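Asker: Predicted model and sequence below, questions to follow.
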Amino acid sequence: MLIDTYGRVATDLRVSLTDRCNLRCTYCMPEEGLQWLAKPDLLTDDEIVRLIDIAVRDLGIEEVRFTGGEPLLRPGLVGIVERVAALAPRPQMSLTTNGIGLERTAAALRDAGLDRVNVSLDTLRPDVFQKMTRRKRHDDVLRGLEAARAAGLTPVKVNAVLMPSLNDDEAPDLLAWAIEHDYELRFIEQMPLDAQHGWKRDGMITAGDILTSLRTRFELTPEAQDERGSAPAERWVVDGGPHRVGVIASVTRPFCRACDRTRLTADGQIRTCLFATEETDLRTALRSDAPDAEIARIWKLAMWGKKAGSGLDDPSFLQPERPMSAIGG
Ligand code: SAM
Ligand code: SF4
């Protein structure tokens, strides 16, 4: 098991497949992009599958989420999904993506064994999308979402970040649209994980703001607490059900006490938290022919050092060196 000193057990592994991306969301990356990881530093497909195998066989991981950067940019993605689906025990598998290119790959991913997708979409307005992502790809995302639903990658979840003066008036429209299309919408509070260090606590749209805005059009009833489990999203039943809406309030209502995550970066580093300032290198062990038991031991030791919380509300909080796109959101 991957257990820490606070008794939390990690059963959910986030695997970043690349730090590259074809969008430039303002809260994530600067316009010019970033210094990408060098190819030899990236884990190969074989190395990724081997680590996931160790994680599910020896470390109690039950769920694997592929992310990035943009995971659909990883050429071997379908093959990786197929090989992970053949592992015993077979983990649940999902993908967090900006949706560009999903139209072409959704069916192949489903056939390979992917269970679900989370697609990020912050706005229904193409002009606002272009401002927020610095790319004209709104329509591609909508088509990707439809393809995901048609392929049965359900429930299709949609992640939205609200930014002041850009899309902070869109929460009710996004929810009405999600209900109409049978997508499960979750808002994520903006976190200090952008490479440009542009996050400001004062300016951010909080969970409280989002709920106030939604309540101008919908009746929201909190979902029973036991249904949340370790899920980061607090959920509300909309207008008596069956639809729900989630809010991931990492800043204003952190859920660290129930965290069940461990993270693997595209260059083979273990992170116990999005906000960790330390990482544990697995790539060196992998490439020096360490046996599975040794890799599992290093991973367990990393987990044992997991901090109690993100430290976000501490005045001495330091933003991690790696931006979100290189950690894997
Ligand atoms: N490129 C894929 C995507 O956008 O879904 C996967 C990686 S992205 C880093 C994962 C999620 O993190 C997205 O839903 C994105 O909106 C969110 N995200 C990125 N930067 C963020 C930030 N500073 N605060 C909150 N969420 C952020
Ligand atoms: Fe790319 Fe996702 Fe970051 Fe947007 S949030 S720039 S899509 S990695």
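Answerer: Now that the structure is in, tell me what you want to look at. Numbers count the residues shown, from 1 in each chain. Ligands and ions are numbered 1, 2, ... in the order given.
Asker: Report how many residues lie close to Glu32.
Answerer: Residues lying near Glu32 (other CB atoms under 10 Å) number 7. C-beta coordinates here come from the backbone N, C-alpha and C atoms, glycine included.
Asker: Contact partners for whatever residue of the stretch 201-329 of the chain ends up closest to ligand 1?
Answerer: For the stretch 201-329 of the chain and ligand 1, the shortest gap (CB to the nearest ligand atom) falls at Gly329, measuring 2.9 Å. Counting by CB atoms under 8 Å, 6 or more residues apart in numbering, Gly329 touches 28, 67, 96, 193, 274.
Asker: how about those residues in TSV, adding distance to ligand 1 and neighbour count?
Answerer: Output for the contacts of Gly329, formatted as TSV (distance: CB to the nearest ligand atom, whole Å; neighbours: other CB atoms under 10 Å):
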residue	distance to ligand 1	neighbour count
Cys28	4	25
Thr67	5	23
Thr96	4	21
Leu193	4	21
Leu274	9	20
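Asker: ok, and of these, which contact ligand 2?
Answerer: Cys28 (CB under 6 Å from any ligand atom).
Asker: tell me which of the contacts of Gly329 is nearest to Val15?
Answerer: Minimum distance to Val15 across the contacts of Gly329 is 7.0 Å, recorded for Thr67 (CB to CB).
Asker: Hmm, the closest one is touching Val15, no?
Answerer: Yes: checked against CB atoms under 8 Å, the pair Thr67 and Val15 is within contact range at 7.0 Å.
Asker: So for these two, which residues contact both of them?
Answerer: Joint contacts of Thr67 and Val15 (CB under 8 Å, 6+ apart) are Gly328.
Asker: Do a quick rundown of the helices in the chain.
Answerer: 45-58, 77-85, 102-112, 126-133, 138-151, 171-181, 207-214, 283-287, 292-304, 324-327 (DSSP state H).
Asker: Can you pull the residues of this structure lying near ligand 2?
Answerer: 21, 23-25, 28-29, 68-70, 98, 120, 325.
Asker: of those, closest to His181?
Answerer: Ser120 (15.3 Å).
Asker: For the closest one, give me its contacts.
Answerer: Contacts of Ser120 (CB under 8 Å, 6+ apart): 25, 96-99, 158-161.
Asker: which helices and strands does the worst-scoring helix or strand of the chain on mean pLDDT pack with?
Answerer: When the helices and strands of the chain are scored by mean pLDDT, DSSP states H and E, helix 324-327 comes last with a mean of 84. If you count contacts as 3 or more CB pairs under 8 Å, 6 or more residues apart in numbering; DSSP states H and E, helix 324-327 packs onto no helix or strand.
Asker: mind redoing it with 10 Å?
Answerer: strand 12-16, strand 63-67, strand 269-271 (3 or more CB pairs under 10 Å, 6 or more residues apart in numbering; DSSP states H and E).
Asker: Deepest in the core, which of those strands is it.
Answerer: strand 12-16 (a mean of 24; mean count of other CB atoms under 10 Å).
Asker: doesn't Asp140 make contact with Gly101?
Answerer: Yes: counting by CB atoms under 10 Å, Asp140 is a contact partner of Gly101 at 7.4 Å.
Asker: and Thr221, how many neighbours?
Answerer: Neighbours of Thr221 (other CB under 10 Å): 12.
Asker: Show me the beta-bridge partners of it.
Answerer: The partner list for Thr221 in beta bridges (DSSP bridges) reads Val237.
Asker: ok, it touching His243?
Answerer: No: counting by CB under 10 Å, His243 is not a contact partner of Thr221; they are 11.6 Å apart.
Asker: Need the residues touching each of these two.
Answerer: By CB atoms under 10 Å, 6 or more residues apart in numbering, Thr221 and His243 have these common neighbours: 236-237.
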